[in-house]
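Enquirer: A predicted structure for the sequence below; I have some questions about it.
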Amino acid sequence: ETGVTQTPRHLVMGMTNKKSLKCEQHLGHNAMYWYKQSAKKPLELMFVYSLEERVENNSVPSRFSPECPNSSHLFLHLHTLQPEDSALYLCASSQDARSHYEQYFGPGTRLTVT
Amino acid sequence: GENVEQHPSTLSVQEGDSAVIKCTYSDSASNYFPWYKQELGKGPQLIIDIRSNVGEKKDQRIAVTLNKTAKHFSLHITETQPEDSAVYFCAASSYNQGGKLIFGQGTELSVKP
């Protein structure tokens, strides 16, 4: 596998469920990101990790919990979500979080909360 | 904080015509302006970027122009092809914001054969 991969590609969950999104980058990058993409809205940055340390938490509700066990893997743990959380969740990586390096995006997980 | 406005939200052109997408930004400290293309079912992919010390940059059929005084930048695609059909996003960032990208709302470009 090359680039940035995300699993699952599609997820339907009830408001009381707990699920996790997984992201893996095969590029040797030091920074990883979670974005939320809703229809007709700009991409919203949720979290930034640099060398496994969280450096940005963009006022995201606590029902979203990120985890970065190493520089290649990033998770987003979901619990008690709301229907308005339905969106495409994109993972990205870049060489460095603090400079203007290209961000490489995964294909996203399409999340539907029922 | 930074705010990026992008226009138009949809754009339809005939194959072979040119397409122009415009963005404005609010933070005069922004100094990096990438453009991303997102095809159906895929994540955004960088197609071209420009830094504040340059006014124009070209890469084959695509070009980006930057006017720092007016705080706007534009994407130009010439000789459009059906495979150019996608959603295009502009973004802006500055070092004093930790390099965080602020995206525009996106433009859905449709190239009709």
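Expert: Arrived safely.

Enquirer: so what's residue 102 up against?
Expert: Assuming you mean chain A. A:94-95, B:34, B:46, B:49 (CB atoms under 8 Å, 6 or more residues apart in numbering or on different chains). From N, CA and C alone the C-beta is placed, and that goes for glycine too.

Enquirer: other chain: chain B
Expert: A:42, B:1-4, B:25, B:91-93.

Enquirer: list the residues that contact residue 17.
Expert: Since no chain was named, I'll use chain A. Counting by CB under 8 Å, 6+ apart, A:Asn17 has contacts A:78-79, A:81.

Enquirer: meant chain B actually
Expert: Taking CB under 8 Å, 6+ apart, we find B:Asp17 in contact with B:Thr80.

Enquirer: A:Asn70 pairs with what?
Expert: Beta-bridge partners recorded for A:Asn70 (DSSP bridges): A:His73.

Enquirer: right, and it touches A:Glu52 too?
Expert: Yes. Under the criterion of CB atoms under 8 Å, A:Asn70 makes contact with A:Glu52 at 6.2 Å.

Enquirer: compare those two (neighbour count), which wins?
Expert: A:Glu52 (15 against 8; other CB atoms under 10 Å in any protein chain shown).

Enquirer: confidence score at the residue most central in space within chain A?
Expert: Nearest residue to the geometric centre of chain A (CA atoms, centre = their mean): A:Trp34, 2.9 Å. At A:Trp34, the model reports a pLDDT of 96.

Enquirer: that one sits in which helix or strand?
Expert: For A:Trp34, the host element (DSSP states H and E) is strand A:31-37.

Enquirer: off-centre distance for that strand?
Expert: Relative to its chain's centre, strand A:31-37 lies at 4 Å (CA atoms, centre = their mean, to the nearest Å).
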